[in-house]
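Visitor: would you be able to build a 3D model of this:
(one chain, ligands or ions: 1)
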Amino acid sequence: MSKFSKERRFSLHGQWSSHLAFILAVSGSAVGLGNIWKFPYIAGVNGGGAFVLVYLVCVFVIGLPIMMSEILMGRRGRRNPVATMALLGQEEGGTSRWGIVGVVGVATGFFILSYYSVIAGWAVAYIFEGASGAFKGADAQQVEQLFSRISGNWFITGFWHTAFMALTIFVVARGVKGGLERAVRILMPALIGLLLLLLIYSMIAGDFARGFAFLFEPKFSELTGSGVLEALGHAFFTLSVGMGAVMAYGAYLPAESSIGKTSIAVVVADTLIAIVAGLVIFPIVFANGLDPAAGPGLIFQSLPLAFGQLPGGSFVAAVFFLLLSFAAWTSAISLMEPAVAWLMERQKLLRSVAAIVIGGLIWLLGFLTVFSNSVLSGFTFFQGTFFDNIDFVASNIALPVGGLAIVVFAGWFMSSSSTSEELDPDAGLGYQLWRFSARFIAPVAVVCIFLNAVGVF
Ligand code: PFF
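Guide: This is a model prediction of the structure:
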């Protein structure tokens with residue numbers, strides 16, 4: 001529990017109404033397109049099993065201690081991530097230069113949201129496609145055509161990207177507590193319910209054995225150094241760690257809440273949802289002769305195929321994509337929160353003004369992704385299109401580097417009396433485990449994965 005009274009017991013931006021609200025908000029941030037859109041598609045591109053295994057190890061061994069570090073630092077600093085890092089840097093590490101970690105985080109959120117919103121826009125468009133019966137009886141070729149008709153048209157994709165950003169700005173401008181807390185409480189359980197229903201469908205109608213084997217049979221020969229880096233990057237992405245989003249939310253956490261239990265609950269829930277999404281999608285992919293390595297369009301093709309065969313499928317499809325859009329929405333809000341809190345505190349701006357300024361810039365940047373799937377799809381460099389490059393640099397480089405800095409700070413620069421005070425309810429073995437991971441396991445693992453990816457081993 002934080003020893004700070006008055007000023008540091010509360011954030012400048014208010015506080016979650018309860019511990020449960022905080023768990024829901026962090027889960028809302030963690031569970032999003034990363035679980036349902038990105039995890040299956042990158043597992044598909046990287047050959048399945050071995051990739052999934054590395055991802056799971058990264059989530060629990062690296063992601064979990066980093067999540068705990070972010071929350072404890074956020075709560076101790078009670079400011080936006082830039083100011084928190086600078087303040088704690090001053091108090092614990094002797095220099096406010098640590099603020100730079102927060103600045104990189106704010107920028108990373110900026111870049112991630114720019115393409116996240118475009119993909120979320122597709123999900124929103126698919127609510128209407130589903131409701132209008134476009135998936136009814138469609139075969140593999142028809143769903144592919146439908147997807148390229150939307151993603152390949154910059155105007156349609158740009159339109160839905162604009163709509164999604166407007167919704168995100170709207171919530172962030174109103175303050176996170178009002179609408180968001182209530183929304184996640186209903187929407188997350190509904191999303192899980194629908195995913196489980198789809199799981200039953202894929203068990204009956206899909207090639208479940210093959211889908212299962214694809215996800216869980218590790219074929220290490222298919223795993224490359226860059227695949228391992230991708231698994232690491234995704235572990236950060238899916239847990240929302242490495243850029244200060246969870247740190248920003250931690251700043252609004254009541255002093256009494258247990259950080260360890262909260263983090264474990266979020267990490268387990270996030271992982272289960274990704275695995276279930278994989279078990280829904282791959283059996284359908286294999287039963288219909290789709291390509292598991294189809295890339296970012298994977299769920300926008302496999303799921304409509306499944307829905308198209310279901311009685312009442314149009315309605316279920318619309319509801320599913322609605323929930324997916326909501327899951328994306330709660331994540332998008334957390335991608336924007338660090339930048340908005342920072343701008344508000346720095347320039348003494350109203351929350352609404354800061355949200356519009358930051359959101360407007362992200363919206364503009366998003367057009368790079370919009371065009372890279374349509375008019376500029378032939379323009380590729382380094383990792384591929386603009387979208388591929390922004391995603392690669394933000395997820396696979398910036399998040400792990402940010403997470404490394406955060407965990408090194410918490411493990412090596414913060415005194416054990418400060419960290420144990422924050423993690424107090426989990427003291428004892430739990431605390432020792434966290435500290436050992438934060439000091440040794442997580443940093444060494446991240447560095448090794450980087451060295452491996454550039455071919456040192
Ligand atoms: N965790 C979100 C997802 O899996 O969709 C994405 C995300 C949100 C990443 C917030 C990073 C972040 F700070």
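
Visitor: what about the closest residue to residue 395 other than its chain neighbours, how many residues nearby?
Guide: Distances taken as C-beta to C-beta, 6 or more residues apart in numbering place residue 233 nearest to residue 395, at 4.2 Å, with adjacent residues excluded. Every C-beta, even on glycine, is put in place using the N, C-alpha and C of the backbone. Taking other C-beta atoms under 10 Å as the criterion, the count of residues near residue 233 is 26.

Visitor: pretty sure residue 149 sits in a helix.
Guide: Yes. Under DSSP: H, G, I helix; E, B strand; the rest coil, residue 149 sits within a helix.

Visitor: contacting residues around the residue nearest to it when sequence neighbours are not counted?
Guide: Nearest residue to residue 149 in three dimensions, chain neighbours excluded: residue 156, at 7.9 Å (C-beta to C-beta, 6+ apart). Neighbouring residues of residue 156 by C-beta atoms under 8 Å, 6 or more residues apart in numbering: 125, 149, 150.

Visitor: how much space separates residue 156 from the ligand?
Guide: 22 Å (C-beta to the nearest ligand atom, to the nearest Å).

Visitor: which pLDDT value goes with the residue nearest to residue 395?
Guide: Confidence at residue 233, expressed as pLDDT, is 95.

Visitor: check the secondary structure at it for me.
Guide: When classified by three-state DSSP, residue 233 comes out as helix.

Visitor: what sits against it?
Guide: Counting by C-beta under 8 Å, 6+ apart, the residues that residue 233 touches are 392, 395, 396, 397, 399, 400.

Visitor: next: residue 442.
Guide: Counting by C-beta under 8 Å, 6+ apart, the residues that residue 442 touches are 61, 62, 65, 66, 403, 404, 407, 411.

Visitor: isn't the fifth one up against residue 65?
Guide: By that I understand residue 403. No. Using C-beta atoms under 8 Å, residue 403 is not in contact with residue 65, being 9.6 Å away.

Visitor: select only the buried ones of the contacts of residue 156 in PyMOL?
Guide: The PyMOL command for the buried members of these (criterion: 16 or more other C-beta atoms under 10 Å) is given here:
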select buried, resi 125+150
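
Visitor: remind me which helix or strand residue 106 belongs to.
Guide: helix 99-131 (DSSP states H and E).

Visitor: which parts of the protein sit against the ligand?
Guide: Proximity of the chain to the ligand (C-beta under 6 Å from any ligand atom) is limited to residues 29-30, 32-35, 109, 112, 237-238, 240, 243, 245, 331, 334-335.

Visitor: among the residues you listed, which one has the most neighbours?
Guide: The most crowded member of those is residue 243, carrying 34 neighbours; neighbours defined as other C-beta under 10 Å.

Visitor: name the SS class of that one, please.
Guide: Classified using three-state DSSP, residue 243 is coil.

Visitor: and if you look at residue 144?
Guide: Residue 144 - assigned by three-state DSSP - is helix.

Visitor: nearest residue to it in space, please, no chain neighbours.
Guide: residue 301 (5.7 Å).

Visitor: what about that neighbour, how many neighbours?
Guide: Neighbours of residue 301 (other C-beta under 10 Å): 25.

Visitor: quick one, what contacts it?
Guide: By C-beta under 8 Å, 6+ apart, the residues touching residue 301 are 140, 143, 144, 147, 290, 294.

Visitor: which helix or strand contains the last one?
Guide: It stands for residue 294. Residue-wise, residue 294 maps onto no helix or strand under DSSP H and E.

Visitor: that one reaches residue 44, doesn't it?
Guide: Yes. Counting by C-beta under 8 Å, residue 294 touches residue 44, with 6.8 Å between them.

Visitor: find the residues that touch each one of those two.
Guide: Residues within reach of residue 294 and of residue 44 at once, by C-beta under 8 Å, 6+ apart, are residue 285.

Visitor: residues contacting residue 105?
Guide: Residue 105 touches 81, 82, 242, 243, 244, 245, 247, 338, 402, counting by C-beta under 8 Å, 6+ apart.

Visitor: and the pLDDT for residue 17?
Guide: 76.

Visitor: cool, the one 3 residues further on as well?
Guide: Reported pLDDT at residue 20 in the predicted model: 82.

Visitor: name the element it belongs to?
Guide: helix 19-30.

Visitor: name the SS class of the residue nearest to residue 144, please.
Guide: Once three-state DSSP is applied, residue 301 turns out helix.

Visitor: okay, now the unreliable bits of the stretch 251-400 of the chain?
Guide: Counting by pLDDT under 70, the stretch 251-400 of the chain has no low-confidence residues at all.
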